[in-house]
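In: Sharing a sequence plus its predicted fold:
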Amino acid sequence: MKRLVKSLLRKKRKNESWFKYFMAIGHLWLGLLSSVVVFAVCLTGSIYAFKNPVIELYNRHKVYVDAPKQAVPLPLDTLQAIFERRGSSITALVLPAAKNKSISISYLNHESGILKTSYFNPYTAEELGHSSRSMDGFFQVVLNIHRTLLITKIGKQVVGISILIFVFMLLSGLVLWLPARWKWKNIKAGLTINWRAKFYRINYDLHNTLGFYSLLLLLFIALTGLYVTYPWMKSGILVALGGKPISGEAVKEEISNNFELLLQEMMEKEEEKKTMKDLRPISLDSLMGLVDQKLHYHATTIIQLPDDKEPRFSIQKINTTNWLGAMLPDQISFDKKGELKAVELFRDKPLHKQFVAISLPLHTGEFLGLPGIILYALVSLVGCSLPITGFIIWWKKVR
């Protein structure tokens, strides 16, 4: 018992500042308090990040197709005509950027009134089948553990508080990592792992070194996760990025500022519903020609066709023409006649609105595609290891 108390309340070392001493005590106590939750959240986060790649791999025979050399996909008008002959109408399409991927088409059967989504070969129009969702149950459990630990009422708050503690742990860990004397020998010791040393020394180096290298990305992942959990964190991040806090007055002010534009758009759409009700929409190939004139790059494209509620074509293109290759959404809309109604380029949005638009992909790493997901997963696994290696360091002192 004395050893346990002594390990939790060690004496201040000679030449150690009070600030660093209290940081060390806080790092130990809060680390022990939050270790299990942090481990669970980091592990489930690293697993859940692979949800879309795993589902895509599971459905690979439907997602991927043989793309003959020099082959050109069938015109979209041809695909639309095939559906019309079958007594169906296309409601939405996802056109991939890669040539070896299938097209995802949502269509409405007029006779049954059932809306379906299937993969189609872009070169032959062959229906490849629906996406199998058998993995959804597993990933939903993983997500629930990540968000609430499967504790219905207070789980979200437990996770939120633990991640707040984790943010403190990362910052206090940096303070403890900093050498007392700024000599290259001392700095090098915190940047390398001595694999030839004994177990406890290797464990210490893993905690110290991996924690340092993963600090910034773990901090970013933690803060973007807290953005979803706490309104005050959301407000703080938005204000830091030049936006306004999430409050009743701020929301009312923003609605008031945009009210005229929103009202005008609503009136225009209502007028289009009346005047263009019986008008046959512009062909999909002509539409894509108009889209490419405004958005001059080849990319994954999502097309939502007009219906009874929405009179316009809504198109989203995932722009990756940036130095990071990040997936940034550009939006554009046309009426049934092909007249341009709105363009929202990601690069033209204020910084806080850019963050809001991709906050979830920023948290998961999906905004960088598969390389980003892998990077985030590896860093999250480092986050998993920190409570374990930290506990071993403390337990050695207890023994």
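Out: Perfect, I can see it now. Residues are numbered from 1 along each chain as shown.
In: Tell me the strands beside the helix or strand I315 falls within, with direction?
Out: Secondary-structure element containing I315, defined by DSSP states H and E: strand 313-319. The pairing partners recorded for strand 313-319 under DSSP bridges are strand 301-304 (antiparallel), strand 328-334 (antiparallel).
In: Can you tell me which of these is most buried?
Out: Mean neighbour count (mean count of other CB atoms under 10 Å) peaks for strand 328-334 among those, with a mean of 20. (Each C-beta comes from the backbone N, C-alpha and C, glycine too.)
In: After that strand, heading C-terminal, what element do we hit next?
Out: strand 340-344.
In: quick one: contacts of that next one?
Out: Strand 340-344 has contacts (CB atoms under 8 Å, 6 or more residues apart in numbering) with 268, 290, 294, 312, 330-335.
In: can you check stretch 84-103 too?
Out: Counting by CB under 8 Å, 6+ apart, 62-67, 71, 73, 76, 79-80, 83, 104-111, 115, 117, 119-122, 128, 284, 298-305, 307, 318, 320 sit against stretch 84-103.
In: Sort out for me which of those residues are in helices.
Out: Of those, the ones assigned to helices by DSSP state H are 62-63, 76, 79-80, 83, 284.
In: got the contact list for K349?
Out: Neighbouring residues of K349 by CB under 8 Å, 6+ apart: A357.
In: what about 10 Å?
Out: The contact partners of K349, by CB atoms under 10 Å, 6 or more residues apart in numbering, come to 328, 355-357.
In: Name all residues that make contact with Y297.
Out: Y297 neighbours (CB under 10 Å, 6+ apart): 97, 317-321, 330.
In: Quick check on those: which are buried?
Out: Neighbour-count burial (16 or more other CB atoms under 10 Å) applied to the contacts of Y297 gives 317-320, 330.
In: ok, so of the residues you listed, who is nearest P245?
Out: Nearest to P245 among the buried ones among the contacts of Y297 is D330, at 27.7 Å by CB to CB.
In: any idea how far that closest one is from T301?
Out: 10 Å (CB to CB, to the nearest Å).
In: what sits in contact with each of these two?
Out: In contact with both D330 and T301: 291, 295, 315-318, using CB under 10 Å, 6+ apart.
In: who's in contact with the residue lying closest to L174 once chain neighbours are set aside?
Out: Closest residue in space to L174, ignoring its immediate chain neighbours: L215 at 6.1 Å, by CB to CB, 6 or more residues apart in numbering. Neighbour list for L215: 170-171, 173-174, 177, 379, 382 [criterion: CB under 10 Å, 6+ apart].
In: Quick check: phi and psi on L215?
Out: Here is the backbone geometry of L215 (degrees, to the nearest 10): phi -50, psi -60.
In: and of the strands paired with strand 313-319, who's closest to V159?
Out: Between the strands paired with strand 313-319, strand 328-334 lies closest to V159; by CB to CB that is 28.3 Å.
In: For A97, pull up the helix or strand it's in.
Out: Taking DSSP H and E as the definition, one finds A97 inside no helix or strand.
In: again, but for T91
Out: Counting by DSSP H and E, T91 is part of strand 88-95.
In: just G31 next, same as before
Out: Judged by DSSP H and E, G31 forms part of helix 18-48.
In: and that helix, what other elements does it pack with?
Out: With contacts taken as 3 or more CB pairs under 10 Å, 6 or more residues apart in numbering; DSSP states H and E, helix 18-48 sits against helix 2-8, helix 136-148, helix 155-177, helix 215-229, helix 359-364, helix 369-398.
In: Take these and lay them out in JSON lines including distance to S88 and mean pLDDT.
Out: Output for those, formatted as JSON lines (distance: least, CB to CB, whole Å; pLDDT from 0 to 100):
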{"stretch": "helix 2-8", "distance to S88": "68", "mean pLDDT": "70"}
{"stretch": "helix 136-148", "distance to S88": "26", "mean pLDDT": "93"}
{"stretch": "helix 155-177", "distance to S88": "42", "mean pLDDT": "94"}
{"stretch": "helix 215-229", "distance to S88": "38", "mean pLDDT": "92"}
{"stretch": "helix 359-364", "distance to S88": "32", "mean pLDDT": "90"}
{"stretch": "helix 369-398", "distance to S88": "33", "mean pLDDT": "93"}
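In: wait, which of those is closest to A197?
Out: Short answer: helix 369-398, nearest of these by CB to CB, at 13.5 Å.
In: Please work out how many residues are found near the closest residue in space to L378 that isn't next to it in sequence.
Out: Sequence neighbours aside, S46 is the residue nearest to L378 in space, at 7.8 Å (criterion: CB to CB, 6+ apart). Residues near S46, counting by other CB atoms under 10 Å, number 23.
In: ok, S46 - contacts?
Out: 142, 146, 365, 373-374, 376-384.
In: Tell me, how many residues neighbour L149?
Out: 19.
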